[in-house]
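Asker: predicted model and sequence below, questions to follow.
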Amino acid sequence: MSKNNAKIKALAAAFPHTIPILAGFLFLGMTYGILITTEGFPFWFPILTSIFVFAGSAEFAGVSMLLGGFNPLQALAMTLMINARHLFYGISMLEKYKGMGAKKLYLIFGLCDESFSINCTADIPEDVDRGDFMFFVTLLDQLYWISGCTLGGIFGSFISFNTEGLDFVMTAMFVVIFLEQWLKEKSHISSIAGLAIPFLCLVIFGADKFIIPSMIALVFALALLRRPIERGVNE
């Protein structure tokens, strides 16, 4: 089989897995594009961020950071907190990315919740190159996000309406992801910890300072509960 045919086969195998992401990313991307252009940014701005940043929740949070005063340390800390989960994603994907060559660089850059989920759980056909499959999953997901942001940026530059509440779409998306994960997992220990610990930190530290303590406490809690969680998964 020629290289081109092999890549086409990998693309054909990857695409069906990404169809649910297509629907979600188009809507979320349009929401982000409309939100940021109605705040005064040019239509091409969400297109550039979708290409070079590609971090949905951080891009939404970036709207308020860009509208506020110049504070690079705060922006760095906020981005790190929002996307800290990708540190764990990356560690768990180290073995899967071995031997990927140049594709590894893009796979690392394009790693997102949805691509991680597909590439970790999908049954890749034996006659499809594993690296090409993961590459096309990641590429398709980013293209969906770019398309949504582009449409939202264009529409947002021509229409004018009250966008209050649009940024809540990210909260709604994470609620849905949590519920789907709850239904799939055999052990709910990590999910319950993920709800209980931030709630306690919210009560103790307040709404402005609870995120970092929550993340630190979750890391220690999951490390201590690793064996019970693994036993629950394997049962």
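Answerer: Great, that's in hand. Numbering: from 1, shown residues only.
Asker: so what's the residue count around Ile154?
Answerer: By other C-beta atoms under 10 Å, 18 other residues sit near Ile154. Every C-beta, even on glycine, is put in place using the N, C-alpha and C of the backbone.
Asker: separation between the residue nearest to it when sequence neighbours are not counted and Lys103?
Answerer: Residue nearest to Ile154 in three dimensions, not counting chain neighbours: Phe43, with 5.5 Å by C-beta to C-beta, 6 or more residues apart in numbering. Relative to Lys103, Phe43 is positioned 32 Å away (C-beta to C-beta, to the nearest Å).
Asker: please apply the same query to Trp145.
Answerer: The gap separating Trp145 from Lys103 is 19 Å, by C-beta to C-beta.
Asker: neighbour count: the two, which is higher?
Answerer: Neighbour count, other C-beta under 10 Å: between Trp145 and Lys103, Trp145 has more, with 29 against 17.
Asker: for that one, what are its contacts?
Answerer: Phe25, Leu28, Gly29, Ser50, Phe54, Gly56 (C-beta atoms under 8 Å, 6 or more residues apart in numbering).
Asker: check what pLDDT it gets.
Answerer: What the model reports for Trp145 is a pLDDT of 95.
Asker: so it is in which element?
Answerer: Assignment of secondary structure by DSSP states H and E places Trp145 within helix 130-158.
Asker: name the residues of that helix that are buried.
Answerer: By neighbour count with 16 or more other C-beta atoms under 10 Å, helix 130-158 contains the buried residues 130-142, 144-154, 156-157.
Asker: returning to what we had before: just give the number of residues close to the residue nearest to Ile154.
Answerer: Residues contacting Phe43 under the criterion other C-beta under 10 Å number 18.
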